[in-house]
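In: no FASTA, just this:
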């Protein structure tokens, strides 16, 4: 299983040209297993849409329905274990709670995180594909 960051999920569904070859290969390779999406990504996308920071090619309800039907996509709920892990990330990690929860999800599932976020890519305590 791989975990995908919020922006990777958005790009994969309608801005695929933003993904690099390594990210595309990771997504293709995992279409037969599991591509995990943190539940916090739904909230993050909803907030970005609410504030006009992203445009979607359809209604947000339709976008979620379509994005959740992609091959092998599995919604990973926010569990107490993930919530606790997000407060115990080793060393210094930035204060974005969505990123903390996504990183914690990857750590709890011991799965690589596909991201383009430079802060996450520089964090030595989560495996990344970027």
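Out: Yes, it's here. Since the model is a prediction, treat every value here as computed from it, not as a measurement. Residues are numbered from 1 along each chain as shown.
In: now residue 119: closest residue in space that isn't a chain neighbour?
Out: Excluding the flanking residues, the one nearest residue 119 by CB to CB, 6 or more residues apart in numbering is residue 94, at 5.2 Å. Backbone N, C-alpha and C define where each C-beta goes, glycine included.
In: okay, now that neighbour: neighbour count?
Out: Residue 94 is flanked by 13 other residues according to other CB atoms under 10 Å.
In: where's it relative to residue 35, distance?
Out: To residue 35, residue 94 is 24 Å away according to CB to CB, to the nearest Å.
In: quick one: the lowest-mean-pLDDT helix or strand in the chain to chain centroid distance?
Out: Every helix and strand in the chain was compared by mean pLDDT, DSSP states H and E; the lowest is helix 21-30, with a mean of 91. In terms of CA atoms, centre = their mean, to the nearest Å, the centre of helix 21-30 is found 14 Å from the chain centre.
In: so what pLDDT did the residue in the chain sticking out farthest from the centre get?
Out: Going by CA atoms, centre = their mean, the residue of the chain most distant from its centre is residue 91, 21.4 Å out. You'll see residue 91 listed with a pLDDT of 93.
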